[in-house]
Every structure is written in C-alpha cells, then in structure tokens.
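Q: Here is my input; please provide its structure:
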Amino acid sequence: MQSCFAACSQVICVAEDTAVAFYSTKSLHKYRVERLNGSRVCGIHVQTLSSTKAVLHVIDAEATWFEFSIEGGVPSLVRTRPIRLPPAPSTTSTSTTEHREASEARQRGSISRTSNSEAVTSSSVVVAAGFHMQRDQLFAVLLTKSGLYEAPLNPLSSAAAPSVPSAAAVVVHIFDDVVSHGYLSVGQFTGLIVVAVQHAREFLFSLFADRLSAHQPHGPACLPFRARAVNVEIQSIACSPTTTSVAVGGRRGELLIYVEVQEAHCFSDHWHHTPLTALAFALDSSAVYTGGREEVLLIWELASYTHKRVKVQLGALQGITPFSTTGTQLLLSCGTSTLAVADLLQMRVTASAEGIEWAAEDVCTGLIVEEWGGSPAVILTGLPNVLRVCDPYTQQSLYSLHISSQMETVPNPPRHGIQFVGVLNESHTLVTYESFSTALPPLLRFWEYNAPRKQHVQMQTVYSPHRSAVLALQVDKQRGRVFTLSCEAMKCWAKTAFAVQDTYSAPAGGWHNHSTMATPSQQVQSMALSADGSICCIADDCLHLYAVQSCKPGERWPLFRILPQYTETQPLHHIVVSADCRHLAAAGQQQIFFWKLDECAEEPTAFSAGELRITALCALTDTTVLAALDDTSLVELYSGSSSANGGPKMGEVVRRVVNASRFPLRHIAPLHANGLRVAAVDAVTGFKVLQLPPTEAATNTQSSTYEWTGTTDDTAGAGAVAGSDNSAHLQLQAFFKDAYPTQGSQGAMIIANEEGTIARAQKMAQADRWLAEVLGEPAYTVPPMCSILSTYLQR
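A: Alright, predicted model coming up:
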C-alpha cells in the first residue's frame, strides 16, 4: 500500500493497477492519467529537483523502469528502460510454501494448472519496489517471490544515460522458500532494506554498506541479511528516511520502534486495538505516524515517546505518506477509496476526495463477462477486498464494490479475497463468495443495488455455506437461482419474498438453501449450467448431467446422463455448454473432450495438446471453443456437429494463434457472441483484452493478437508486419464498431459502396409502395400517423 503513493509540493501521484494518476495537491482533483505497458505498477517515487521541477520514477511488475519529468505539475515521459534481473537459483519444488499454495489451488479449483515454466516466470515477477538515494545515485530495490534485487538507476542529468540499454541488478538475497506475501521498506537516504513476511515474528534487514561492494565490477556478493526477532505478528513495517530506525506494526495493534536496528532493545506501546495497517516516519525521523481501523492518526514523538491524536473519521487508515517539504502535511489513504490531507499544524484533516482507485495488492485471479448497464463489462475477481467492473474498451474501472471482513481484531487475509461472483436481475443483484485463511470462515454474500446510495448494499451473509471450500459458483438468470459446488455437496440457493408473519415477529424471507445434493465423488472440480438453467454439469473425471429445472427441497436431482472419458485420470475443468444444449466440451490437463448429447457415442471426440498444458477454455462462438495453452498460444476448435458439405469436424482446429500473450493465460472469456475480442487474465499483467486476427489471416506459425494495453511481443511481430495495413484496419474496425467492413483494395470498396447504394434504393422503393398502400386504404382503418411514420422509418 505504501508503494502506491508518491507526492511533492506540486503533484500527488497515485498508482492505479496499470497506470499512474496525477492529482492536484490542493483540491485533490485528478487531472491526468499516464498509462504504461499494461503490467501492474509495483512502486513509484518522486524526486524533487526544485520548487517547480520533479522527477517521477515508476517500476512495474516486469521490472520496467519509467522516468517522467514533472514541470509545473505536467508530467512527460522521458525514457523507458528494462531492469535486468540476474537468474536466481532454482528453489526446490518440495518447499512447504509451494505445496501449501498448490493444495489450496487444487481445493479451490480457481487457479488453472500450469507448467513449471509459468511458475518460474511468476517467481521472477516484481511484487514491490522501493527507492533510495546514495551519493547522487538513485537505487531501486525490487522484491520478488524468489528473492531481493537492487539496481542503480542512472540520474536524469547523466550524459551517457541514453547509451545504456538497460539497468543491471545485483542479487541482494535469495529466499529459501517462495515468499508470496512479503513487506518491503527502504530508507530513502540510508539505503536500509527491511523485509518481512506477513504475520511472521521476525524481519530481515541489510545496511547499504553490506551491499556496496556488490555494485562494483567483479565485486563480491552481498553480505547475508541479518534477522531481528520480534514478539508480535508483523502487519506493517517502515524504515526511517535518515537514520537506521525501524518501526513495526503488529497484527493486534502493537507498535515497536527500534531506534537502532542493530540493537535488540526497542520501545513498545499498544494503543491501537485493531491491526496497525498504516505506518510511516517523518521526513526528519523525529516522529512516527500510525493508524488503524479506529480512524485516528497518532503522532509519536521519538524524543519523549508521547503521542498526539488527529481524528480522521474517513475510514480505516491504509497508508501514510509525508509530502510537504516542511513535513507538516500528510497524505492519508483511508477506507476503501478516499484520499485525505492532514495538516499537522492545525491537527485536522483539511481536504479529502472519494472515489480514488489505487492499485490492488495483487493481480486478479479470475474474470467473468456480464451485461452491466446494457453493455458487456468485465468483472474481475480475486482482488483483495474489492470487486471491480471494468470497461472492456478502455480497461478502466466503471464500478467498484469494496468488501471487508468487518472483524476488527483479525487482519485482512493474505491474498485470498473474492473468488467467485454472480450477477442477477440485470446487475441489480450480486452474489460473492470469499475464502479466507483458517482464522475466518468463508462467506457467501448477497448484494442489492441501492439507487439513492448508487452502490450495492449487503443484504444477507451466509457463513460457511459448505463444509469445505466452494469450488464453483453459477447463476440461473431465468429463475433467479444460485448454484454452488464443493467436494461434498452441490447446493441451489433461491430467494423468497419478505413477509411479516404477525405484528411482533421479525420479517421472514431472503436467500436460503433451496436444495442440496451430494456430489457423485470427492474429486469434483468444476460446474456449469446450460443457458436455460435446465441442465447442471458436474465434472470429476467424467461429466455428470443433472436436471435442475424444477429441483425441490428434500428430493434428489435427477441424473439423466453420465459422459465418460477413458484417457485422463485427473478431474476435468472448464466445462463449456453450447447455447442449444446439444454439445459439451471439457478440458483436462492436456486434452479437450467433446460430446454430443443427441447421440449415444461410447467415447468422446478428443483434441490433444501434446506436451503442452491447457490453462483456460471458453466458448468463442456458437460452434467453436477457444483454448489457451501454457506456451502463450490460443487454439480455436470446432465444437458443433459435422456438416455434410465437407465442413470442419468436431474437435478440429479452426484457428491457431501463436504468441497471443507475453505470459500464459489463466482465464479467458469472450466479450461478444461470435466476436473476435477476448478478455483474459494472466499471472503477471492481470486483466487485458486480446484482439484475435480473422480466420483467413491466422496461420500456424505467424499470427498474433492485439492487446489494447498497447504492448507488443518481439517474437510475435512477424504476423502483424506481414499484413500491417489490413490488420490495422481490422483492429480499428472492431474497436470502434464500424458498421461497414474494411476492404483490402480501393476497387473492392467501390463495389461494396455501389451494392450498398442499390440495396438502400430497393428498400426505399419498397417502403414507398407500402406507404402508398396504407394511405390508400379507408380512413377508419388507417392507424395513427405516428405509428405510420415509425413503421416507414423502420422499413
């Protein structure tokens, strides 16, 4: 959270998911957004040069360094340069952390199985970034899941800077196990690095003197990190900008201040009774600022260890950033989407703004495409404590539903969050499922849209809807039902109207468990509903089809079909049901199986991906499905019945797109029926929109998709260059929804225009004849003129 904000006297910079927003320091008004290359922003830092000039440094998840020059509050991109991370030693795959994450993924069924190459790629992704200045040289500290790296960044005034292609990083520390949830804090002028794991009882630190020799040519490696044990479970951590002091925030509100990190003794206090989530030092290291869910900012004077209170009352404090040169103003991130400015001279909050969308703590893990306000929108799941609805064209957030555990003595769970979401009643009703750590039970929540408040309001909460974790959630929009699946049961949830039984009783009604059915086995992984809500498909290593059109309480769901496959022993996932309910497709680890429900075939039609793994599957058109492979390629397969005129057969490859994305895709979903735009999520950059090339332009070797994030693949450029003009026209046509198709030559365009003119003339003549016939009828049979005019215009 602390790495999402950077400020100076002229501008406030807020890191969004894939962009940086600029706000005015006085009115907190957003006046500009700078979009980067589509990856998550992991760290930002403002370097003040004068009262009117500053430099903004941004590092994203792919270790790309962006440098902006800010003059008079107006940012301009100066340069973009990658940071080369040295290859880290491979950790053993039998570590406890990896095993725990793998088991959780198998139990939830929400994360697709990927190959070891994706795991290696994700372990080198930057999780957080910090900056420090040493002898007019700016250094960047990069935290990944596998280790810690440090890279010198060339100053803006360096004459040799443009000749340097990239910045090289050195290895500072390699973790024994994969660290998924780590905290990083860096002393701005001391170079002190502190790393801690969430809820751990120790932190690691390193002085810059221990790493200085590693930046020299052929210098020795950095000295190992030193550990400092604490008697609290760490919730936040902060380094002093000018001294080697460290402050630690505890899970239950404890505060520890180490005046000298190399010494064991410390000052401790316990004023907060909620997790200490906001922690920062003053610019001159004379005070420590703390905040939690009490909505109170505490100012701890390090000279006397006394504190002062500033009432914020804008929600729980999430982050504190000093931004004035005198240190008298603090930037506070409060609640779910509020920025505030606290004046320490007046001891009050002087300005605040709501609706601020800062970056989430982790990349989203799933998505669905639903109608939102009459148009398709992408709903992202897996983000901690927030459900975001994004515009598929601009990829910006349209609506955010912030969700918290509402348990003040237990901290936010580490990266579990919202796993599934369902949309009913034209987006007026939302259903969310959240899985937490072992300290909290999972929650199934039902939300209704409140028009006066212009947001969804929680109406009902079901604690532990199943005895084990929910593996899938589907909604029946026609009948307003919700289906959930766990390894031991599948349940149908329905809504009853609220009614008062008598004068003194409480109103009865709301969502309830309408019907429960035991699963066919303990190995079930996924579930899918047909478009009309009459068929429920449950998958283990076979497909079990149940009739749920009229399921009743206390009765078993009728099982009318079992579709086996005899190739793979692992459970199937990613079930796709055709719109006419005649064809089914399901993906295994390396094969996709197709069934025809109107035929009694003994074995399904199978498509094999060879040694590759299938990471995602969705329905692209009415007769085709789209599969994502772990080599970043996409394969479109025919899933309909074979035609007699020599068309494609079931399971046959219709289109293959090589290098569709820079990283393996976890989830894919079409934005439109029978369209070419696909919403996708990968493990690094998160949400993106892919533009598939036309079928006639796709080949097996030279093809690429278009990402609206503005990024390109070096290895995927051959196909785009081969047909640059036609591809550009097709991309613009699809994006702006052009009504007339772009032709490849001028002669073809002239012919198309002539045919369109003739067709319009024929329609106009037919409409004129119809109007003459209507007006020639008797007066008492002629409809009103408004109806005649409307029908005439339609014709």
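Q: Report the beta-bridge partners for residue 535.
A: Using DSSP bridges, the beta-bridge partners of residue 535 come out as residue 547.
Q: how many neighbours does it have?
A: By other Cβ atoms under 10 Å, 20 other residues sit near residue 535. Backbone N, C-alpha and C define where each C-beta goes, glycine included.
Q: Begin at 49, not 1, for the rest of this chat.
A: Noted, 49 is the first residue going forward, which turns the last one into residue 583.
Q: per-residue confidence for it?
A: Residue 583 carries a pLDDT score of 91 in this model.
Q: That one contacts residue 629, doesn't it?
A: Yes: under the criterion of Cβ atoms under 8 Å, residue 583 makes contact with residue 629 at 6.1 Å.
Q: Pull the contacting residues for residue 593.
A: 583-585, 607-611, 645 (Cβ atoms under 8 Å, 6 or more residues apart in numbering).
Q: Now, these that are in helices?
A: Among the contacts of residue 593, DSSP state H puts none in helices.
Q: Next, format those as CSV and append distance to residue 711.
A: Formatted as CSV, those follow (distance: Cβ to Cβ, whole Å):
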residue, distance to residue 711
583, 35
584, 33
585, 30
607, 40
608, 41
609, 38
610, 37
611, 33
645, 36
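Q: ranking those residues by neighbours, who comes first?
A: Counting neighbours by other Cβ under 10 Å, residue 584 comes out on top of the contacts of residue 593 with 25 neighbours.
Q: related to what we said a few turns ago, quick check, nearest of the contacts of residue 593 to residue 355?
A: Using Cβ to Cβ, residue 584 is the member of these that lies nearest residue 355, at 57.9 Å.
Q: these two touch, right, that closest one and residue 575?
A: Yes: counting by Cβ under 8 Å, residue 584 does reach residue 575; the two are 6.8 Å apart.
Q: Identify the contacts common to those two.
A: 522, 531, 538.
Q: The second one pairs with what?
A: This points to residue 531. Going by DSSP bridges, residue 531 forms beta bridges with residue 522, residue 540.
Q: what sits against it?
A: By Cβ under 8 Å, 6+ apart, the residues touching residue 531 are 521-524, 538-541, 575, 577, 584, 596.
Q: what helix or strand is residue 810 on?
A: Remark: residue 810 resides in helix 794-823, with elements defined by DSSP states H and E.
Q: per-residue confidence at residue 66?
A: 81.
Q: again with residue 660
A: You'll see residue 660 listed with a pLDDT of 91.
Q: Skip the chain neighbours and tell me the closest residue to it.
A: Spatially, and ignoring its direct neighbours in sequence, residue 660 is nearest to residue 677 (4.5 Å; Cβ to Cβ, 6 or more residues apart in numbering).
Q: so where's the stretch 199-348 of the chain uncertain?
A: Regions of the stretch 199-348 of the chain meeting the criterion pLDDT under 70 cover residues 203-214.
Q: One more pass at 90, please.
A: Along the stretch 199-348 of the chain, the parts satisfying pLDDT under 90 run over 201-218, 223-231, 245-248, 260-272, 299-300, 312, 322-323, 325, 341-342.
Q: can you pull out the helices in it?
A: Ranges of helices in the stretch 199-348 of the chain, per DSSP state H, counting those that start in this stretch: none exist.
Q: quick one, domains of the protein?
A: Domain assignment for the chain by automatic domain parsing gives 49-132, 278-407, 612-790, 794-842.
Q: weakest of those domains in terms of mean pLDDT?
A: Among the domains of the chain, domain 794-842 carries the lowest mean pLDDT, a mean of 66.
Q: Please report the number of neighbouring residues for the closest residue to residue 661 other than its chain neighbours.
A: For residue 661, the nearest residue in space outside its immediate sequence neighbours is residue 678; the separation is 4.5 Å by Cβ to Cβ, 6+ apart. As a burial measure, residue 678 scores 23 neighbours (other Cβ under 10 Å).
Q: cool, residue 363 as well?
A: Residue 363: 19 surrounding residues under other Cβ under 10 Å.
Q: helix, strand or coil for it?
A: Remark: residue 363 carries the secondary structure label coil [criterion: DSSP: H, G, I helix; E, B strand; the rest coil].
Q: Quick check on it: phi, psi?
A: Residue 363 adopts backbone torsions of phi 110, psi 180, taken as degrees, to the nearest 10.
Q: picking that back up, just confirm the residue nearest to residue 661 contacts residue 664, I think it does.
A: No: between residue 678 and residue 664 there is no contact under Cβ under 8 Å: 9.9 Å.
Q: which of the shared contacts of residue 584 and residue 575 lies closest to residue 836?
A: For the shared contacts of residue 584 and residue 575, the nearest to residue 836 is residue 522 (46.9 Å; Cβ to Cβ).
Q: Just the pLDDT for the closest one.
A: For residue 522, pLDDT reads 94.
Q: how much space between it and residue 529?
A: From residue 522 across to residue 529, the span is 9 Å (Cβ to Cβ, to the nearest Å).
Q: what's the answer for residue 617, then?
A: 33 Å.
Q: For these two, indicate the residue with more neighbours.
A: More crowded of residue 617 and residue 529, by other Cβ under 10 Å: residue 529, with 22 against 10.
Q: Just give the number of residues close to residue 716.
A: Neighbours of residue 716 (other Cβ under 10 Å): 25.
Q: The stretch 499-648 of the chain: strands as residue ranges?
A: Assigned by DSSP state E, counting those that start in this stretch, the strands in the stretch 499-648 of the chain fall at 503-511, 520-524, 529-533, 537-547, 556-566, 574-577, 583-587, 591-595, 607-611, 621-625, 631-635, 639-644.
Q: and the fourth one, what does it pack onto?
A: Packed against strand 537-547, as judged by 3 or more Cβ pairs under 8 Å, 6 or more residues apart in numbering; DSSP states H and E, are the following elements: strand 529-533, strand 556-566.
Q: Just put these in a markdown table and tack on distance to residue 404 and mean pLDDT.
A: Formatted as a markdown table, those follow (distance: least, Cβ to Cβ, whole Å; pLDDT from 0 to 100):
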| stretch | distance to residue 404 | mean pLDDT |
| --- | --- | --- |
| strand 529-533 | 32 | 95 |
| strand 556-566 | 32 | 86 |
